[in-house]
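# Just to be clear, the model below is a prediction. Sequence and coordinates:
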Amino acid sequence: MSVVFESRFSFTSERRKGERRRQSRASASTAIVPREERQTVGAAAVENPRIRCMDVNVYYGSKQAIKNVSLDIGSHEIVAMIGPSGCGKSTFLRCLNRMNDTIDNCRVTGDIFLDGQNINEQSIDVVPLRAKVGMVFQKPNPFPKSIYENIAFGPRIHGLAQDKTDLDEIVATSLQSAGLWNEVKDQLDQPGTSLSGGQQQRLCIARAIAVNPEVILMDEPCSALDPIATAVIENLMIELCAEYSIVIVTHSMQQAARVSHRTAYFHLGDLIEVGATEHVFMRPMHQLTEDYITGRFG
Amino acid sequence: MQIFALLCILAVMAIASFYLGRQRALAVSGGNIPALNSLPGYYGYYMAFWCALPALCIVVFWLFFESSIVTKIVVSGLPDAAAALPKPQLDLVLNEIVNLAQKNTAAEQASPEIAAAAQHYSRIKTISGMTLFVLTITLGIGGAVFARSRIHVHQRARNKVEGTILVFLIVCSTIAIFTTLGIVLSVLFEAIRFFQMVPVTDFLLGLEWSPQTAIRPDQVGSSGAFGAVPLFSGTMLVSVIAMTVAVPVGLMTAIYLSEYASPSVRARSKPLLEILAGIPTVVYGFFAALTVAPLIRGWGESLGLSVSSESALAAGIVMGIMIIPFVSSLSDDAINAVPQSLRDGAYALGATQSETIKKVIIPAALPGIVGGILLAVSRAIGETMIVVMAAGLAANLTANPLESVTTVTVQIVTLLVGDQEFDSPKTLAAFALGMVLFAVTLALNVIALYIVRKYRERYE
Amino acid sequence: MNKPSGGKRVTADRVNAGLARRRAAEKRFRSVGLLSLLVGLAFLCILFFSIVSKGYTAFQQTFIQLDIHFDEQFFGTETEHALEALLSADYGGLIRKSLRAQFPDISNRQQLRQLYDLVSSGAVYQLRDRILADPGLANQRLKIWVPASDDADMLIKGHIKREVPETARRLSDAQIAWLDALEAEGRVSLKFNTAFFTNGDSREPELAGIRGALMGSILTLSVTLVLSFPIGVATAVYLEEFAVKNKWSDLIEVNINNLAAVPSIVFGLLGLAVFINIMNFPRSVPLVGGLVLTLMTLPTIIIASRAALRSVPPSIREAALGVGASKMQTVFFHVLPLALPGMLTGTIIGMAQALGETAPLLMIGMVAFIVDIPTGIFEPATVLPVQIFLWADSPERAFIERTSAAIMVLLGFLIAMNALAVMLRKKLERRW
């Protein structure tokens, strides 16, 4: 864990200061890579990576959605992926647990190593992979079952619990980790869909945690939530990164700045710039990154 | 044929009125079309409507009521002794009269009273035909003349024409309500008459069904028992067999097609399955009686079982085959309505496809599937031809699928096919059975449609 | 975090431990699904195979060649009575004579009767029609092919097995021997069965045809089409374009949805009680059949037409209303033409349903035995599916193949109608 961006712990005042500083720095920076250049700038590799992606390409039919992306995800770090709509950041995220397999005409090439194993090989069983790499989606998607059954789903199918008390414990600890226990402990038999949007999203996080994964992928987890619920989830992410690596796709640059250690900027399928969050936001090295974070497009 | 000619004349008159009306409108406008309130064509339609619609109403009225009115008049003209006959005999006499009047039977064989009545009948028929003809033509011309006199520059012909069309649309849309009303009233009235002869409790709880009533009071072996329980149990037995075939096959097919099959397999096999749904039931009946029943009998006998030649099993299996596409397409709809996000959620947790289907998709789609199955049950209960041809007539109270059973629909058909008198309990029993059938299927349909609608709302 | 640090390894081990079992379950489930699909398709194949294999022989009919001598003394010579004489002549005698000439050594009365039974009783009409068409044939000797009786036909087609003991089969050994003798002389032949398409119903299988039922179906469907299409479209237009959403329109809608699922036999009860019992319409006529089927198919047409209207984008209506068209003009000149293909598709599918419907028509007496071919909607008639039902009930072996053949004709019509609907939809459907 290399850099901790200061504003992660005190959002409001620091953020304004940060924005001001960002603007002045960005215009002042000197050796900036021109717009036409599509080589990734910054440090894509880290030491001791949890996931190492090398030359990943994704095609939908004949259309290429991701072009030669190489990126490492470190242990216990939060990596944010930002970029304009349609830049491929969600597509890339879905490569990390092979969720693209569910899309019919989608083809992924390149190597993605998790624990020294290339998970992009056809022979790899996606079931244990997805048990290791959990995912939380844009829209909360609790199953139409009770809260308890939602959490118990993963441990049940994977056979993680030895008996009923074991399962009860997993459910309780997962809900505690997701910060939902106190709110729902008396209504575990209520349907998961009866919760509020923010609670549903935390339920989904708890559902992912219950399988005890190594990496959690989050695909714009807060875009359907109000600001208060968003703040709760962001705090939760910061707590969770002590235990898990987290990759988050977000539309909100502020969110990326608040929670992530490293930030990757995607543009039309290219990984343009990656680096420590404060560097990317303060001193972007690529013209496109600068244009994006200063709001010229996006 | 007369009516047909009359309608043709009326159509010609209406077309003529259209042109006359348009001409009249052009004339009153003095060639200045914009001065007219509506386009000239609307004045044409206005006149054509006035010409055709009142006359058409008379024709329809005549068509529906002529024969009963003529019959009344003929009956009143009969000698008192004949007019006082009970209805069945009276109907026979009337039949004779009509046949004679239409020269289907030779006049020499008829009694003088009948011959006189037949003449009376033909006379009234002729008068009635003439009256209708004159009345229709007069109304047509009168309507057209009246409409023509009302055409002037400021007349709002378009509004009138559109108003008339709207009334036509509304009348058409009420036909659905009148159909339901007609069904309810017709079965209800006849059923009430039946229950005046046979107590409701005997009908609903009685264990013996033998509707053959004595024609002569001294006949033997024709008690006329109307206990419908064997029919209900037979219907249930056949339906249960049908559903045990249709539900697993239909549901698994839907699952396979919507979750596993490649788009090309899906695109090819779905229409093929739909063919099963489009085959007429009489074809299934033939298939059940001539192919499946002997087959089951052969198997049964090779296993040392006694199988009757018309078994509930044959009818049930074939009915199940018929219902497979019904179950599968409704289940398919329900499964496809489950949002992709739920599948993604399960896959992201590492669930295999079958685990996702069994533990997430099916529970989520269950209301829709149950609704579809209820509709399928209602269809199985109301299915007629397969059981008529393959299930048999003997009202056995049994749960053995190898025996012959009879169903509600089979009995309705047997009781009503052929000549029947409308006040014997035998005929009326069919309507009582029809009422039960209608009530049960209606209830199933209402519940099923409600469940399906609620379910759709959930994911919209 | 209250998870042990070694937890992840334990988790991974447990997940891996269950993998084989879960993969097997996955495979099982998938094959059960595939199996179900195949079972459904297999049923379809078996059904078609069983019908076609039973029925294809009915398109051919066994004929026997006879030497017929239309001798003069038989018909008389006076020209003024010629026609009458031709009509009432004993053609059966001619046939019997010819058969006796063919097998001169048979004298036993019972055996002679068996011999005569080889030729269809309809052969006399064939001779009569032949000579009526060409009176010049009188006093000539002709070789004429006449239809064989149904039992002879069944033997030639192999449906009556020679191996079966004589007592258990409908043809005696002697009859079979005669047929073989005729065949050896080239006097037995299978020819295309035109009678099947040109005759009405008959008690004799070799004379029974589907023309009457086909005409009945056409007449009945014409009534249905003429009534249900305008009424269905009008209802759909009203509900979709004009009706205000209130209790009344809800009631209509619920009614239509329920009617679509009411068993067809109930419509038969309605037709019997209302059209025949109250309105005194004649029984067995296509008019009443058409009325009942109209009520039955209306929901299908209404539901399809409403869907077609709904698929026309509101922008079309707004554009028309925007240039000052009235609501009625908008609907009739702009929306309706665009929705028409969908409505027609729904109507064809409704008509296909009506064509295959049997049960309600049994209720209103269209199940009578009718030999004459109907020509109008007020004449007694039967329809194709009911004809199938009647033949399926007949005990003669030869009716089985004719029933199957009639089913093939019916299915042919249904497939053609559905194909038409699919084509119409493909060709005219517009994607918005």
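Okay, I see it.

# Around chain A, pick out the residues from chain B.
B:263, B:339, B:341-352, B:355, B:359-360, B:363-364 (C-beta under 8 Å from any C-beta of the partner chain). Bear in mind the C-beta positions are built from the backbone N, C-alpha and C, glycine included.

# out of the residues you listed, which are buried?
With burial judged by 16 or more other C-beta atoms under 10 Å in any protein chain shown, the buried subset of these is B:342-352, B:355, B:359-360, B:363-364.

# right, quick check: the host helix or strand of C:K54 against chain B, any contact?
Counting by DSSP states H and E, the element that carries C:K54 is helix C:7-55. Yes. Helix C:7-55 is in contact with chain B by C-beta under 8 Å from any C-beta, via C:15, C:22-23, C:25-26, C:28-30, C:32-37, C:39-41, C:43-44, C:46-47, C:50-51, C:54.

# And stretch C:322-332, what's buried?
C:A325, C:M328, C:T330, C:V331, C:F332.

# and if you look at stretch B:54-74?
Across stretch B:54-74, burial judged by 16+ other C-beta under 10 Å covers B:A55, B:L56, B:I58, B:V59, B:W62, B:E66, B:S67, B:V70, B:T71, B:V74.

# Out of those residues, which is nearest to C:L179?
Nearest to C:L179 out of those is B:S67 (C-beta to C-beta; 54.0 Å).

# In contact with the closest one, which residues?
Taking C-beta atoms under 8 Å, 6 or more residues apart in numbering or on different chains, we find B:S67 in contact with C:M279, C:N280, C:F281.

# Go through those and single out the one with the most neighbours.
Among the contacts of B:S67, the one with the most neighbours (other C-beta atoms under 10 Å in any protein chain shown) is C:F281, at 19 neighbours.

# sorry, back to before: now the element after the helix holding C:K54, going C-ward?
Downstream of helix C:7-55, the first helix or strand assigned by DSSP H and E is strand C:60-69.

# what about the closest residue to C:R170 other than its chain neighbours, how many neighbours?
Among residues not flanking C:R170 along the chain, C:D151 sits closest, at 4.8 Å (C-beta to C-beta, 6 or more residues apart in numbering or on different chains). Neighbourhood size, C:D151 [other C-beta under 10 Å]: 22.

# what does the one 3 residues further on give?
If you count neighbours by other C-beta under 10 Å, C:M154 ends up with 25.

# same deal with C:Y116?
Neighbours of C:Y116 (other C-beta under 10 Å): 15.

# Show the pLDDT at the nearest residue to it once chain neighbours are set aside.
Computed as C-beta to C-beta, 6+ apart, the closest residue to C:Y116 that is not its neighbour in sequence is C:R96, at 5.7 Å. pLDDT recorded at C:R96 is 88.

# any idea how far chain A is from C:R96?
Distance of C:R96 to chain A, computed by C-beta to the nearest C-beta, to the nearest Å: 76 Å.

# can I get the CA coordinates of the strand or helix carrying that residue in CSV?
Assessed by DSSP H and E, C:R96 sits inside helix C:91-102. Taking Å, rounded to 0.1, in the frame of the first residue of the first chain, the C-alpha atoms of helix C:91-102 are listed here in CSV:
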residue,chain,number,x,y,z
TYR,C,91,-76.4,-51.6,-63.7
GLY,C,92,-75.8,-53.9,-60.8
GLY,C,93,-76.9,-56.7,-63.1
LEU,C,94,-74.3,-55.7,-65.7
ILE,C,95,-71.6,-55.9,-63.1
ARG,C,96,-72.8,-59.2,-61.7
LYS,C,97,-72.9,-60.6,-65.2
SER,C,98,-69.5,-59.5,-66.0
LEU,C,99,-68.1,-61.0,-62.8
ARG,C,100,-69.9,-64.3,-63.5
ALA,C,101,-68.4,-64.3,-66.9
GLN,C,102,-65.0,-63.8,-65.3
